[in-house]
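K.L.:
coords please:
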Amino acid sequence: MQLSIILTSQYRLLSLAAIVDVFETANRFLKEAGRTELFRITFVGPAKTKSLPEGVNHLPYVSLDDTPCYDVVFVPAFGPVDLTKALDENNCFIPWLHRQHALGATLASNCTGAFLLAASGLLNDRKATTHVDAADKLAACFPKIRLQKDAVVAYDANIYTSGGATSGFHLKLALIQKYCGREMAVRIAKVFAIDMDRENQAHFSHFDPIESHDDELVMRVQHKIKNQFTELKSVEEAIADIPASRRNFVRRFKQATGLTPIRYLQKTKIEAAKKMLENTEKGLLEIMLSAGYNDMKNFRQLFKENTGMTPKAYRDKFAMRFDPIIIYKAP
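P.N.:
Model prediction:
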């Protein structure tokens, strides 16, 4: 099978290396079993020649102008960059992706690589996912996508997309199972220590509110929520002194932050609860009260809606329980 990885501008090296490692490992296992290696991996980019990163420079590279039809095309994740700028820098890949898809290639994006597929229009009216913290931006920029925000992997019309970082391994496992069988997928999962039962990425989300805007009224409410969320019982308390109609302010707030004030307050409270579950030994009742809730049933329900897990399950997964690492120096 001809498998290509496009060398986008601003790609994340970890994403690139993981794709190579997984499929080369599958090839090795096939060879050890006396079978033919299945995947021929090639890098594709806009330049005629390219110096590849160390560790993957043994693989061939071809330019966009010289490429045949591939069976699978991978779009790696972008690094921590301005995604709008990254899309502008990589628009040369869009006609090529359309051509590959029209010729029957399976397209697969890791994490924020979904933004390039979305910019091509190939995800319009199709299910797709991306890094959970980038999902709202993807939906805002490309509203025709049927976003599956919490999905680890989404598949639609021969296009695969994955959630953030390690969720990309689940996409690779899906392709390994498709082309090599379930037994090989399980073996790969064990080698890379991948939990195959992951079905939701919501618990990996981190609320990082947008404050890079010029709306002073919205910023005033954001600061009030940030400093007083424990005491605020409703969003009306947060916007009571704002000199604007509720309807108009809600519109302005969502335009500036991407969220309604109610959702913003809720996310602030839940994020505080998450941090206490991760970093303290406080009991659940104390955490609930400290986050600004007074009804345990409501708190549990909202917590699960936002994270996909109960508070207890979240603590079990993320609470740090390792003993301190002591480094001994030689005398």
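K.L.:
Look up the closest residue to the spatially most central residue of the chain, ignoring the ones flanking it.
P.N.:
Against the mean C-alpha coordinate of the chain, by C-alpha atoms, centre = their mean, the closest residue is residue 131 at 1.2 Å. Closest residue in space to residue 131, ignoring its immediate chain neighbours: residue 164 at 3.4 Å, by C-beta to C-beta, 6 or more residues apart in numbering. C-beta coordinates here come from the backbone N, C-alpha and C atoms, glycine included.
K.L.:
same thing with residue 51?
P.N.:
In space, residue 51 is closest to residue 57, 7.6 Å off (C-beta to C-beta, 6+ apart).
K.L.:
do residue 5 as well
P.N.:
Counting by C-beta to C-beta, 6+ apart, the residue nearest residue 5 is residue 74, at 4.6 Å.
K.L.:
Let me know the average pLDDT across the one helix or strand that neighbour maps to.
P.N.:
Using DSSP states H and E, residue 74 sits in strand 72-75. For strand 72-75, the mean per-residue pLDDT is 98.
K.L.:
Which other helices and strands does that strand contact?
P.N.:
Identification of packing neighbours for strand 72-75 by 3 or more C-beta pairs under 8 Å, 6 or more residues apart in numbering; DSSP states H and E yields strand 2-6, helix 93-102, strand 106-109, helix 114-120.
K.L.:
Same list (those) but as a markdown table, adding distance to residue 262, mean pLDDT and mean neighbour count.
P.N.:
What follows is those, written out as a markdown table (distance: least, C-beta to C-beta, whole Å; pLDDT from 0 to 100; neighbours: other C-beta atoms under 10 Å):
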| stretch | distance to residue 262 | mean pLDDT | mean neighbour count |
| --- | --- | --- | --- |
| strand 2-6 | 41 | 97 | 23 |
| helix 93-102 | 38 | 96 | 17 |
| strand 106-109 | 32 | 98 | 26 |
| helix 114-120 | 28 | 97 | 25 |
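K.L.:
of those, which approaches residue 46 most closely?
P.N.:
Closest approach to residue 46 among these (C-beta to C-beta): helix 93-102, 7.6 Å.
K.L.:
follow-up on the earlier one: could I get the helices and strands packed on strand 72-75 as a markdown table with distance to residue 215?
P.N.:
Compiled in a markdown table, the helices and strands packed on strand 72-75 are given as follows (distance: least, C-beta to C-beta, whole Å):
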| stretch | distance to residue 215 |
| --- | --- |
| strand 2-6 | 38 |
| helix 93-102 | 34 |
| strand 106-109 | 33 |
| helix 114-120 | 26 |
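K.L.:
what number of residues lie near the residue nearest to residue 277 when sequence neighbours are not counted?
P.N.:
Residue nearest to residue 277 in three dimensions, not counting chain neighbours: residue 315, with 4.4 Å by C-beta to C-beta, 6+ apart. Residues lying near residue 315 (other C-beta atoms under 10 Å) number 18.
K.L.:
right, and residue 287 touches residue 314 too?
P.N.:
No - here residue 287 lies out of contact with residue 314, judged by C-beta atoms under 8 Å, at a distance of 10.6 Å.
K.L.:
okay, the strand holding residue 74 in CSV with CA atoms only?
P.N.:
Extracted in CSV, the C-alpha atoms of strand 72-75 (Å, rounded to 0.1, in the frame of the first residue of the first chain):
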residue,chain,number,x,y,z
VAL,A,72,-3.7,6.5,2.3
VAL,A,73,-2.8,10.2,2.8
PHE,A,74,-1.9,11.5,6.3
VAL,A,75,-2.1,15.1,7.3
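K.L.:
so how far is it off the chain centroid?
P.N.:
In terms of C-alpha atoms, centre = their mean, to the nearest Å, the centre of strand 72-75 is set 17 Å apart from its chain centre.
K.L.:
Give me the residues contacting it.
P.N.:
In this structure, residues lying in contact with strand 72-75 by C-beta atoms under 8 Å, 6 or more residues apart in numbering are 1-6, 8, 19, 44, 93, 97, 100, 105-110, 113-114, 116-117, 175.
K.L.:
average pLDDT for the next helix or strand after it?
P.N.:
As assigned by DSSP H and E, the chain's next helix or strand after strand 72-75 is helix 83-89. Per-residue pLDDT values over helix 83-89 give a mean of 95.
K.L.:
in helix 83-89, what's buried?
P.N.:
83, 86-87, 89 (16 or more other C-beta atoms under 10 Å).
K.L.:
Can you lay out the residues you listed as TSV showing distance to residue 251?
P.N.:
Formatted as TSV, the buried residues of helix 83-89 follow (distance: C-beta to C-beta, whole Å):
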residue	distance to residue 251
83	25
86	30
87	27
89	33
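K.L.:
which residues of the stretch 151-300 of the chain fall in strands?
P.N.:
Using DSSP state E, counting those that start in this stretch, the strands found in the stretch 151-300 of the chain span residues 153-156, 159-162.
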